[in-house]
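S.K.: just to be clear, the model below is a prediction. Sequence and coordinates:
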Amino acid sequence: MSPTDVTLRRAGVEDAAAVTRVHLASRRAAPMPPGVHGDREVEAWLTTRLTQDEVWVAEADDTVVAYARLTDTWLDDLYVLPEHAGRGIGSMLLDLAKALRPDGFSLWVFESNTAARAFYARHGLVEREHTDGSDNEEKAPDLRMSWAE
């Protein structure tokens with residue numbers, strides 16, 4: 001599969017189950033602390049976010065394989081199903097985020113998620129702030145990265 005076989009589209013509430021599936025599978029496979037909420041709680045939270053934030057999904061063969069969730073100044077989520085990682089889909093979503101937020105945005109990434117940190121750095125994001133994790137639910141060290149044109 002190449003990026004040309006992937007379609008990006010704005011997500012709606014009807015995508016909640018698919019977005020949740022991507023979110024949970026991606027987090028479980030990543031070198032990051034486990035989530036502190038159960039699957040149903042995550043789905044309820046993401047369903048709400050689909051009505052409040054700008055969410056985009058990447059589809060391959062009519063299946064949601066990745067998503068990105070943006071606010072006015074943050075890229076809050078960018079997750080790709082593990083079996084679709086490394087195919088350029090995350091890059092497509094990140095490029096879309098840059099196009100949608102030309103004045104820049106920030107994101108948080110766990111310190112332990114070195115693959116994600118390297119991915120964002122390759123795409124021009126810069127580490128701006130490191131924390132001990134005391135302000136996140138997982139209580140794990142994280143860092144803020146930002147992108148600005």
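M.R.: Here it is on my side, so go on.
S.K.: I figured Ala18 was touching Asp62, is that so?
M.R.: No. Counting by Cβ atoms under 8 Å, Ala18 does not reach Asp62; the two are 10.4 Å apart. C-beta coordinates here come from the backbone N, C-alpha and C atoms, glycine included.
S.K.: pick out whichever of the two has more residues nearby.
M.R.: Under the neighbour definition other Cβ atoms under 10 Å, Ala18 and Asp62 were set side by side, and Ala18 has more, 16 against 6.
S.K.: joint contacts of Ala18 and Asp62?
M.R.: Both Ala18 and Asp62 lack any common contact, where contact means Cβ atoms under 8 Å, 6 or more residues apart in numbering.
S.K.: dump the residue contacts of the residue nearest the centre of the chain.
M.R.: When Cα atoms, centre = their mean is applied to the chain, the residue found nearest the centroid is Leu78 (1.2 Å). Counting by Cβ under 8 Å, 6+ apart, Leu78 makes contact with 66-69, 90, 93-94, 97, 107.
S.K.: which SS class is it?
M.R.: What DSSP: H, G, I helix; E, B strand; the rest coil gives for Leu78 is strand.
S.K.: what's opposite it in the beta bridge?
M.R.: According to DSSP bridges, the residues that bridge with Leu78 are Ala68.
S.K.: roughly how far does it sit from Asp132?
M.R.: 24 Å (Cβ to Cβ, to the nearest Å).
S.K.: what does Arg101 give?
M.R.: 28 Å.
S.K.: neighbour count for the two, which is higher?
M.R.: More neighbours surround Arg101 than the other of Arg101 and Asp132, with 20 against 11 (other Cβ under 10 Å).
S.K.: show the residue spans covered by the helices in the chain.
M.R.: 16-29, 39-52, 89-100, 114-122 (DSSP state H).
S.K.: got the buried residues for the last one?
M.R.: To tie it back to what came earlier, the one meant is helix 114-122. Neighbour-count burial for helix 114-122 flags 116-117, 119-120 (criterion: 16 or more other Cβ atoms under 10 Å).
S.K.: what of stretch 30-38?
M.R.: If you call a residue buried by 16+ other Cβ under 10 Å, then stretch 30-38 has these buried ones: 30, 32-33.
S.K.: name the spans of the chain whose pLDDT lies under the cut-off.
M.R.: Scanning the chain for pLDDT under 70 picks out 1-4, 149.
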